[in-house]
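# sequence below, structure please.
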Amino acid sequence: MEPQSQNLKTAPFLTLGRFHISEDYGFLLPNPLRELPGHYSPWMEIANRLPQLIESHQLRAQVNEMPLLNCQFLTGYREWRLAHLVLSFITMGYVWQDGETQPKEILPRNLALPFVEVSKNLGLPPILVHSDLVLANWATRNPGGPLEIRNLDTIFSFPGGESLRGFILVTVLVEKAAVPGIKALVQAVNAILQPSPDSLLQALQRLRVSIQDITGALGQMHDYVNPDVFYSVIRIFLSGWKDNPALPMGLVYEGVSEEPLSYSGGSAAQSTILHAFDEFLGVRHSKESADFLHRMRDYMPPSHRAFVEEICGAPSLRTHVLSSGNGQLLTAYNQCVESLAALRTYHLALVTKYLTTAASKAKARRTSHLPRPPQALEERGTGGSAVVSFLKSVRDKTLEALLHPSG
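A predicted model of the protein is given here:
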């Protein structure tokens, strides 16, 4: 229990350390592990060869021969996170190896049992999530070098080659660009409690710059990800078994449940960044959008979800800014909201290019070296949302948060 007598003026209300958020890497797992203990070599040998095993249609046979391994030899948080990453990649490959027309409807017990055990230990669902694909799936080529694409690699992969590598690593850079913004949230919440108008103004200015830097980082998608490869090759492996017509009943986890279980696929909405920014700025979404976003919080590491809830429970920034009568604070707040809306507009343009336009091109192609793209999620994101209408709604609701000076 924390002492109740702490003076809020001397003790910061909010710190990142309480939520396992890194001062240097934010929500990214710092320097993720790449190797599990030798006992788990059957998992690692398959995970390290996933693209080849999937493309040669041999993955399912390999998984069926895999021994059922006990999770007791996993020690420490980072090993458990790596185990979830490994098992989630193998699971997505196993289910979707032969495309959406022949998905596997039963996950064998030698994969399902350890995956569910690891997931329960971490408080994550037994499916590939953003905290696997991105937050725990990066490594530096030169540990002393900068966090730039040329100095980064993924740990595990699916078919999709350089475009998949680019998709994952650009998203890593988006998470890194958010770090000053996350720190600014903490500074701002504490500045409201103190209260310190100067510190709050500085925090809002830092938040705006960070949001703009996130937009800049996201722009690297154009340089590193081919829209046709993303749409026709990569997307299927990020798809889940909830709100997906290809697996309408869900997936049976053998030995865990006789009934199929339904989980959403990977989605940018599983990143904690914009949830935290929305809560801090007081952005209120439509019921449909808010329901989806809240459901996506169940796909975050519990400590990151707790951080969002802590921001939600902090004193209202909007109320503070309005009651302060401070024109500089109001302007700085509105600049944050405008930058967040601009980021969402940019994200919408990206999704249009990589989903809507790519879908039209795929339909028009009669012959191609690319596989037939998945039809089931044609107008939906891999998380199962009607993605374009959802993104327009969250962008428009962001703009509605703008404050107007009274008087």
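# run through the stretch 251-400 of the chain and note the low-pLDDT ranges.
363-385 (pLDDT under 70).
# ok, which stretches of it are helices?
Here the stretch 251-400 of the chain has its helices, by DSSP state H, counting those that start in this stretch, at 272-281, 287-296, 302-313, 317-324, 327-351, 358-364, 387-399.
# Ala139 is in contact with Asp153, correct?
Yes - under the criterion of C-beta atoms under 8 Å, Asp153 makes contact with Ala139 at 5.2 Å. Heads up, the C-betas are built off the backbone N, CA and C, glycines and all.
# so which of the helices of the stretch 251-400 of the chain is the most surrounded?
Comparing the helices of the stretch 251-400 of the chain by mean neighbour count (mean count of other C-beta atoms under 10 Å), helix 272-281 comes out on top with a mean of 23.
# how big is the angle separating it from helix 327-351?
Going by axes from the mean of the first three to the mean of the last three C-alpha atoms, to 10 degrees, helix 272-281 is angled at 150 degrees with respect to helix 327-351.
# contacts for helix 272-281, please.
Helix 272-281 has contacts (C-beta atoms under 8 Å, 6 or more residues apart in numbering) with 26-27, 174-175, 178, 181-182, 185, 188-189, 207, 211, 214, 283, 285, 293, 296-297, 300, 304-305, 307-308, 311-312, 314, 317-318, 333, 336-337, 340, 398, 401.
# might you report the residue contacts of the nearest residue to Ser324 once chain neighbours are set aside?
Closest residue in space to Ser324, ignoring its immediate chain neighbours: Pro197 at 6.8 Å, by C-beta to C-beta, 6 or more residues apart in numbering. Residues counted as contacts of Pro197 (C-beta under 8 Å, 6+ apart) are Ala191, Ser324, Asn326, Leu329.
# what's around the third one, how many residues?
Residues within reach of Asn326, counting by other C-beta atoms under 10 Å, total 16.
# now it: how far from Phe13?
Counting by C-beta to C-beta, to the nearest Å, the gap from Asn326 to Phe13 is 20 Å.
# for Trp138, same thing?
31 Å.
# which of those two has more neighbours?
Between Trp138 and Phe13, counted using other C-beta under 10 Å, Trp138 has the larger neighbour count: 24 against 16.
# so the more buried one touches Val172, yeah?
Yes - counting by C-beta under 8 Å, Trp138 touches Val172, with 4.7 Å between them.
# list residues touching both of these two?
Residues touching both Trp138 and Val172 (C-beta under 8 Å, 6+ apart) are Leu28, Leu152.
# residue contacts, Tyr224?
Tyr224 touches Ile149, Glu162, Ser163, Arg165, Gly166, Phe167, Leu169, Val170, counting by C-beta under 8 Å, 6+ apart.
# list just the nearest of those residues to Thr75.
Leu169 (28.6 Å; C-beta to C-beta).
# which strand or helix spans that closest one?
Counting by DSSP states H and E, the element that carries Leu169 is helix 161-177.
# what is the neighbour count of Gly145?
The local packing of Gly145 (other C-beta under 10 Å) involves 11 other residues.
# tell me the secondary structure at it.
When classified by DSSP: H, G, I helix; E, B strand; the rest coil, Gly145 comes out as coil.
# make 50 the starting number, not 1.
That works, and once the first residue is 50, the last one we named lands at Gly194.
# separation between the residue lying closest to it once chain neighbours are set aside and Leu118?
Once flanking residues are discounted, Gly194 sits nearest to Asn200: 4.2 Å by C-beta to C-beta, 6+ apart. Distance, Asn200 to Leu118, using C-beta to C-beta: 34 Å.
# and those two? Which one has more around it.
Each of Asn200 and Leu118 has its neighbours counted (other C-beta under 10 Å); Leu118 has more, 19 against 15.
# my read: the more buried one touches Gly87, true?
No - using C-beta under 8 Å, Leu118 makes no contact with Gly87, being 11.2 Å away.
# how about residues contacting the helix holding Leu218?
For helix 210-226, contacts defined as C-beta under 8 Å, 6+ apart pick out 74-77, 100, 182-184, 186-187, 196-198, 201-203, 206-207, 209, 259, 262-263, 265-267, 269-270, 272-275, 278-279, 282-283, 317, 320, 322.
# I'd like the mean pLDDT over the helix or strand that that helix is followed by, please.
Using DSSP H and E, the helix or strand that follows helix 210-226 towards the C-terminus is helix 228-242. On average, the pLDDT along helix 228-242 is 97.
# over to stretch 142-153?
What stretch 142-153 shows for mean pLDDT is 95.
# now do the buried residues in it.
The neighbour-count criterion (16 or more other C-beta atoms under 10 Å) identifies Gly142, Tyr143, Val144, Trp145, Gln146, Glu149, Pro152, Lys153 as the buried residues of stretch 142-153.
# so how far is Glu154 from the fifth one?
In this view, Gln146 and Glu154 are 13 Å apart by C-beta to C-beta.
# please name the residues that touch Ala339.
Going by C-beta under 8 Å, 6+ apart, the list of residues near Ala339 reads Arg333.
# just to check, Phe286 is in contact with Tyr143?
No - shown here, Phe286 and Tyr143 do not form a contact pair, counting by C-beta under 8 Å, at 10.6 Å.
# how about the helices in the stretch 150-299 of the chain?
Ranges of helices within the stretch 150-299 of the chain are 158-171, 179, 210-226, 228-242, 246-267, 270-273, 276-278, based on DSSP H, counting those that start in this stretch.
# distance to Ser409 for those - can I get that in JSON lines?
Formatted as JSON lines, those follow (distance: least, C-beta to C-beta, whole Å):
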{"stretch": "helix 158-171", "distance to Ser409": "36"}
{"stretch": "helix 179", "distance to Ser409": "27"}
{"stretch": "helix 210-226", "distance to Ser409": "19"}
{"stretch": "helix 228-242", "distance to Ser409": "35"}
{"stretch": "helix 246-267", "distance to Ser409": "22"}
{"stretch": "helix 270-273", "distance to Ser409": "18"}
{"stretch": "helix 276-278", "distance to Ser409": "11"}
